[in-house]
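>>> requesting a structural model of the entry that follows:
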Amino acid sequence: MVPFSRSKRKFRFTVLIALVFLGAILGMSVLKLVETQRATLKSPGSNQVAAKPARAVTLSTYRLVRTGMSYPQVVDIVGRKADDTESPFLGDKAEVFAEWRNPDGSGFAVTFRNGRLLSQSQTGLDKDEHEITLFEYGAVGCLSNRELQSIGVPRKDWNTQQFCTYDELVDLFGRQGVEVSSVHLPNSGTTTEVYEWHNSDGATVVVTFQKGRMISKAMHGLR
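Purely as a prediction, here's the structure:
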């Protein structure tokens, strides 16, 4: 019985030594993995998220900016805050200059006086012939004051929210439209005019005006 007891104790001791040795190996592996992860996290740029490129300033967005708009309205149109702003005070008239730029130096600048857009200018945005965009087409519309009020547009902004007359659409699209038809009804004194604008790829915008205001629009092929 004694030899058997000694053999049993020896076996237990051997198993214990093996477990300790195995645990040491596992511990060293885990420690090495943790150190590798720490080194990765500390390395330059390893924990940085690629910066989202700023939305480009285009001639389309510039043409949507109009006199009387507020700075937040312009930011909504451009899709980002101004790159530079300056706020000198001239007497009791507070003026703010704001500028949006592209990496190539093109862009536009505006002047706000007492919170409203007073003037604007652009540089380098008209290098190519302008093509009407789906974004511009979506801005075309005539809403009544009641409709503007119902969608939450403040009264002070009612005259800056729409592109409704022919002249306003010319400003938006950057060129004159082609008159397709003009019908005058003597009894009612109403004149209905239809104009088309065409892009070089064949895309077309058709707008119908009555009494100088848009009553319907249609488009084909805009992207």
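>>> any chance you could map the strands in the chain?
Taking DSSP state E, the strands of the chain run over residues 84-86, 89-90, 93-101, 107-113, 116-123, 178-185, 190-198, 204-210, 213-220.
>>> mind listing the helices for this structure?
Ranges of helices in the chain, per DSSP state H, are 2-42, 59-64, 71-78, 134-139, 145-150, 166-173.
>>> what comes up buried for the fourth one?
What it means is helix 134-139. 136-137, 139 (16 or more other C-beta atoms under 10 Å). (C-beta placed from N, C-alpha, C; glycine too.)
>>> quick one: least confident of these?
Lowest in pLDDT among the buried residues of helix 134-139 is Ala139, which has 83.
>>> for that one, give me its contacts.
By C-beta atoms under 8 Å, 6 or more residues apart in numbering, Ala139 lies in contact with 64, 163, 172.
>>> how about low-confidence regions in the protein?
Counting by pLDDT under 70, the ranges of the chain that qualify are 1-55, 88-93, 126-129, 147-148, 151, 156-162.
>>> show me what contacts Val110?
65, 74, 97-99, 117-121 are the contacts of Val110 under C-beta under 8 Å, 6+ apart.
>>> ok, now Asn102?
Here Asn102 is in contact with 56-57, 124 (criterion: C-beta under 8 Å, 6+ apart).
>>> what's the answer for Leu169, then?
Residues in contact with Leu169 (C-beta under 8 Å, 6+ apart) are 140, 163, 177, 195, 197, 207, 214.
>>> ok so, going back, relative to Ser181, which of the contacts of Asn102 is nearest.
Val57 (36.8 Å; C-beta to C-beta).
>>> let me know the closest of the contacts of Val110 to Gly152.
Closest approach between these and Gly152, by C-beta to C-beta: Val74, at 18.4 Å.
>>> is it true that Arg66 touches Ser119?
No. Using C-beta atoms under 8 Å, Arg66 makes no contact with Ser119, being 11.4 Å away.
>>> and for the closest residue to Val65 other than its chain neighbours, the neighbour number?
Using C-beta to C-beta, 6 or more residues apart in numbering and skipping the chain neighbours, the partner closest in space to Val65 is Val74 (5.5 Å). Neighbourhood size, Val74 [other C-beta atoms under 10 Å]: 22.
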